[in-house]
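Q: Mind folding the following:
(chains A and B)
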Amino acid sequence: MTSSNSIDSVVIRFAGDSGDGMQLTGTQFSNTSAIMGNDIATFPDYPSEIRAPSGTVAGVSGFQVHIGATEIYTPGDDVDMLVAMNPAALKANLHSVKPSGYIVVNIDAFTEKNLEKAKYTTNPLEDGSLQNYRVIQAPITSQTVEALKEIAVDSKTKDRCKNFYALGMTYYFYNRSRDTTIKWIEDKFKSKPEVVKANIAALKAGECFAENTETVISTYTVPVAKIPAGDYRQIDGNTATAWGLIRAAEMSGLQLFLGSYPITPATDILHELSKHKEFGVKTFQAEDEIAGICSAIGAACAGSLAVTTTSGPGMALKTEAIGLAISYELPLVIVNVQRGGPSTGLPTKTEQSDLFQAIWGRNGESPLVVMAASRPSDCFASAYEASRIALKHMTPVILLTDGYIANGAEPWKLPDVNSEFGPIEHRMVDPEKLDKANFHYMTREDHTLARPWVVPGMPGLEFRMGGLEKDIKTGCVSTDPRNHELMCLMRQKKVDLVADDIPLQTVEGAESGDLLVVSWGGTYGSCVMAVRKLQAEGKKVSHMHLKYLNPMPKNVGTILNSFKKVIIPELNLGQLKTVINAKYGVNAKGYNKVQGLPFKISELVTVFNQELIKE
Amino acid sequence: MSEACYTKKDLCSDQEVKWCPGCGDYVILASLQQAMVNTGKKKEDIVCVSGIGCSSRLPYYMDTYGFHTIHGRAPSIASGVKLSNPNLSVWVITGDGDGLSIGGNHFIHAMRRNINMNVILFNNQIYGLTKGQYSPTSEQGKVTKSTPYGSLDRTFRPGTVALGAGCTFLAKALDTDPKGMTEVLTAADQHQGTSFVEVYQNCVIFNDKAHDLYANRASRADTTLMVEHGKPMVFGKDKNKGIILKGLKLEVVELGEQYQESDLLIHDKHNEALAYLLIDASKPPHFPMVLGVLYQENLETYEVQMEKQIEDVKVKKGGGSFKELLYSGETWTVK
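A: Okay, here's the model as predicted:
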């Protein structure tokens, strides 16, 4: 018995062993949905161990997909359908399934041994513990092997095809076309025709099983979303960051240099940039985090658009070198893809707890520009903007992203780069056109206080520079106390002046009201959806999402003071809240969580509602 | 880089040199300037990059581009400079503490990568700028302020570290021998690849005469051996001593009835095993301190390979088009 219902959005989570191909399965589902016209958001959730012991909860790898007929901003809260390839996957993900939600289980994997590995004392399929869910039991492994019995591939390959069987089932449940996936399989395994056949056969067998099974009550259609016309592609945050940097280099006419050291979850930026030598990009995998940033500083000294990419612990190691870049007044982009801390913390889980570190985490008075990207596609614009500010203002810029948006993917309406991401000015001098007699490398531009960028190779402009304090006029080493204060004040003012060069802060919703929700970074999606929900209910709630964290746009204080209450949800213990309260003297409240997971929209709705009714 | 014609003075900056009177660093500075005059590179193309410590003040005194950076990190910053603009002549100025202790990791990786730059390590076997603590090259048992009962660390031999890390040019010089040092620095600059030059430098304040046994002008002819490629290993004031290979060991012999010059070992700077033996044997007064170019190997440099990869990809893929990048892979149109 089947019937088809139309729904606005659906959240599916594929979960299995690290080696079960769940990331691939999820990606296929989301690509297909995007191409079919849904808006989507995805979130991979994988263990930090590459292959933890199979069958254990520690080894479970998940991929969540949110597809919708309306605009989608987050990978979704609770799950409508969980695909669990083994008992451990069920155990690790059951908590995220909605009451009455669907659970597809691979019963072939529910053996005594696997139940034991997942630390189940009784079989959850038999002990009644799943009675509040709709469980679809499918013999995924054995049926896959059966479907492939005529195909000449070894048994290991047959076993590996079971993820396509599971994918086929979900394609039937949610009326997905299998065309995109078939095309992908044909392309991916073009040199192995038998493997192509096997995977396609598994996909189709899964679809058939879902169609024929009596347990399925309904299938669902997610209508095409009403999204703006244009050309689209899927993009994840790390790729978008890499491309934003490539665009900035191209538009500033400079060579892009990345000095980096592999670290989760930032490494994919290094991978992506290393691919694009056709743009003249130079990537240097250094011996450690310090050498990563130091080589970038060297490249900036020599006239490249220099970048270093890292995550929290790596950022800690780069601290001293960032101070040097501040002292040198060099353009440098530092990307920190935040993860759970402190120390090694939660390498594969998201957090926003490096804001204090970014703004203040150096010795001495050492101001720099701090920005944050809000969603995967925004990493492109943010990386380009961070480069623009660094080059124009001769300052290091820290761009904060996080594991959630770096690995998460969404459709991206491809920008008209020529109009939206055009030429970038920089301060490099042209020695041919310079009046050398009246030139000094410490003479600053009035409106930015940026020094000119003189690089080795320019005749007649040789200079020496160090991390020692410099005389404000001559640049020579100076220990004069008054000069030091002047230099500290100058460096601070230089960063403050960036506020003249960034857009005024906007607010989504009314300019004043009962509650202002302030957010930054990767929590944008959850916050915007929660606020819209309350606005639709007629509540006087507005949303201010900060892209520029240091300095902040000039009107932030005015906005904060136009609301009766301010609440700042953050995936930390209240860092932006502390900054805002200290800077603007408002009494903003925090809503904080550090569980390595993004906010759910529903929990924010509840929290904001509570804040509204509080006396 | 075209040839430039300078005198040493052209390479002196307007800054007053502030090392202690009698410090070996003065000789290194002068020898470096002379080497640069010799190689004739234009001063706008020369970059001196240093870390932290007494030695690392050197860039301020050169009328070239100069970056005084942070402790131990000069090789990394210099690597970025050179990779960004391979046309530059890059010099790393470091010391035994800066280069081998806090910066040890960068040092070994610089040696193995073979970026075309020159690393001069001022080895005074002490921490001078922090006022006298033992360094990685101090002898074991050294009594300093931080080791009043004697240091326990075993001694690093910079040459062995560099060779072990894969360096392609290794030379040693004395701060009492500006002529020898200038020759070595000139050769280092001409070498295509990472050149490592260890200079035995005297700290008059905290470790005076540490190298006296082999650096003293009056006696050093008998306690040092200046090797030259293709020439027999002869030394001594009267050129009456030499080195032979006996089994796997080097031995000092007197020239005369038993041994002739033709019995002596001929220096082969391309023989890595010999370079290890020479460093290992250097234990005055029993065996002379070996100086000069100990080892040289011609390998394609890192930056040349890096530029080649880029050019190859550009030929294969064509120059990058940003629009093509945006539309690469799967895209779709919403109407």
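
Q: Below-threshold pLDDT in the chain: ranges please.
A: Picked chain A for this. Within chain A, the ranges that satisfy pLDDT under 70 run A:1-4, A:50-51, A:214-218.

Q: The intended chain is chain B.
A: B:1-3.

Q: All the helices of it, residue numbers only.
A: Per DSSP state H, chain B carries helices over the ranges B:25-39, B:74-84, B:96-97, B:104-113, B:158-164, B:178-190, B:212-215, B:220-223, B:272-281, B:302-317, B:322-326.

Q: Specify the local secondary structure of the residue most central in space within chain A.
A: Ranked by distance to the mean C-alpha position of chain A (C-alpha atoms, centre = their mean), the top residue is A:Ile405 at 1.7 Å. Secondary structure, DSSP: H, G, I helix; E, B strand; the rest coil: A:Ile405 is helix.

Q: Contact partners for it?
A: Residues in contact with A:Ile405 (C-beta atoms under 8 Å, 6 or more residues apart in numbering or on different chains) are A:237, A:373-376, A:378-379, A:521-522. Glycine gets a C-beta too; all of them are placed from N, C-alpha and C.

Q: Kindly present the residues you listed as TSV, with separate columns for neighbour count, distance to B:Cys54 and secondary structure.
A: Below are the contacts of A:Ile405 laid out as TSV (neighbours: other C-beta atoms under 10 Å in any protein chain shown; distance: C-beta to C-beta, whole Å; DSSP: H, G, I helix; E, B strand; the rest coil):
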residue	neighbour count	distance to B:Cys54	secondary structure
A:Gly237	32	46	helix
A:Ala373	31	44	coil
A:Ser374	25	49	coil
A:Arg375	24	51	coil
A:Pro376	29	50	coil
A:Asp378	25	49	helix
A:Cys379	31	45	helix
A:Gly521	30	45	helix
A:Gly522	31	47	helix
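
Q: and the closest residue to chain A within the stretch 51-200 of chain B, how far is that from B:Glu44?
A: Among residues of the stretch 51-200 of chain B, the one nearest chain A by C-beta to the nearest C-beta turns out to be B:Gly80. It sits 2.4 Å away. From B:Gly80 over to B:Glu44 the distance is 19 Å, taken as C-beta to C-beta, to the nearest Å.

Q: Comparing the two, which shows the higher neighbour count?
A: A direct count of neighbours by other C-beta atoms under 10 Å in any protein chain shown for B:Gly80 and B:Glu44 places B:Gly80 higher, at 33 against 19.

Q: check contacts around the more buried one.
A: So B:Gly80 contacts A:257, A:259, A:284, A:294-302, A:306 (C-beta under 8 Å, 6+ apart).

Q: Over to B:Leu291?
A: The neighbours of B:Leu291, taking C-beta under 8 Å, 6+ apart as the test, are B:171-174, B:177, B:180, B:184, B:224-227.

Q: gap between it and chain A?
A: For B:Leu291, the distance to chain A (C-beta to the nearest C-beta, to the nearest Å) stands at 30 Å.

Q: What of B:Asp45?
A: Taking C-beta to the nearest C-beta, one finds B:Asp45 at 6 Å from chain A.

Q: pretty sure that residue is touching A:Pro456, no?
A: Yes - between B:Asp45 and A:Pro456 there is a contact under C-beta atoms under 8 Å: 6.9 Å.

Q: returning to what we had before: can you tell me which of the contacts of B:Gly80 is nearest chain B?
A: Nearest member of the contacts of B:Gly80 to chain B, counting by C-beta to the nearest C-beta, is A:Gly298, at 2.4 Å.

Q: Give me the number of neighbouring residues for the closest one.
A: 34.

Q: same thing with A:Ala229?
A: The number of residues near A:Ala229, taken as other C-beta under 10 Å, comes to 9.

Q: Contacts only, for it.
A: B:333-335.

Q: Could you give me the ChimeraX syntax to select whichever of the residues you listed are buried?
A: Selection of buried members from the contacts of A:Ala229 for ChimeraX, criterion 16 or more other C-beta atoms under 10 Å in any protein chain shown:
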select /B:334
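
Q: Helix or strand for A:Tyr102, just tell me which one.
A: When elements are assigned from DSSP states H and E, A:Tyr102 belongs to strand A:97-106.

Q: ok, residues contacting that strand?
A: A:78-86, A:90, A:94, A:125, A:130, A:132-141, A:162, A:166, A:169-170, A:173.

Q: Restricted to strands, list the residues you listed.
A: When those are checked against strands (DSSP state E), the matches are A:79-84, A:134-138.

Q: which of the residues in the biggest helix by length in chain A are buried?
A: When chain A is parsed with DSSP H, its longest helix is helix A:193-212. Using 16+ other C-beta under 10 Å as the test for burial, helix A:193-212 gives A:195-210.

Q: gap between that helix and the chain center?
A: With C-alpha atoms, centre = their mean, to the nearest Å as the basis, helix A:193-212 stands 33 Å off its chain's centre.

Q: Taking strand A:134-138 as reference, get the angle to that helix.
A: Orientation of helix A:193-212 against strand A:134-138 (axes from the mean of the first three to the mean of the last three C-alpha atoms, to 10 degrees) gives an angle of 140 degrees.

Q: who in the stretch 201-335 of chain B is up against chain A?
A: Contact residues (C-beta under 8 Å from any C-beta of the partner chain) of the stretch 201-335 of chain B with chain A: B:306, B:309-310, B:313-314, B:317-320, B:322-323, B:325-327, B:329-335.

Q: if you set the cut-off to 6 Å instead, what comes out?
A: For the stretch 201-335 of chain B, the residues in contact with chain A (C-beta under 6 Å from any C-beta of the partner chain) are B:309-310, B:313-314, B:317, B:320, B:322, B:326, B:331-335.

Q: Would you mind giving me the ChimeraX syntax to select the buried ones in those residues?
A: To isolate the buried members of these in ChimeraX, using 16+ other C-beta under 10 Å:
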select /B:310,313,320,322,326,332,334
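
Q: Tell me the bridge partners for the nearest residue to B:Leu58 once chain neighbours are set aside.
A: Closest residue to B:Leu58 apart from its sequence neighbours, by C-beta to C-beta, 6 or more residues apart in numbering or on different chains: B:Ile93 at 4.6 Å. Counting by DSSP bridges, B:Ile93 is bridged to B:Ser50, B:Ile120.

Q: care to break chain A down by domain?
A: Using automatic domain parsing, the domain parsing of chain A gives A:3-221, A:229-500, A:513-613.

Q: I'd like these as CSV, with distance to B:His191 appended.
A: Listed next are these as CSV, based on distance: least, C-beta to C-beta, whole Å:
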stretch, distance to B:His191
domain A:3-221, 42
domain A:229-500, 20
domain A:513-613, 46
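
Q: Out of the ones you listed, which is the most enclosed?
A: Ranked by mean neighbour count under mean count of other C-beta atoms under 10 Å in any protein chain shown, the domains of chain A are led by domain A:229-500, which reaches a mean of 21.

Q: Quick one: distance of it to the chain centre.
A: 18 Å.
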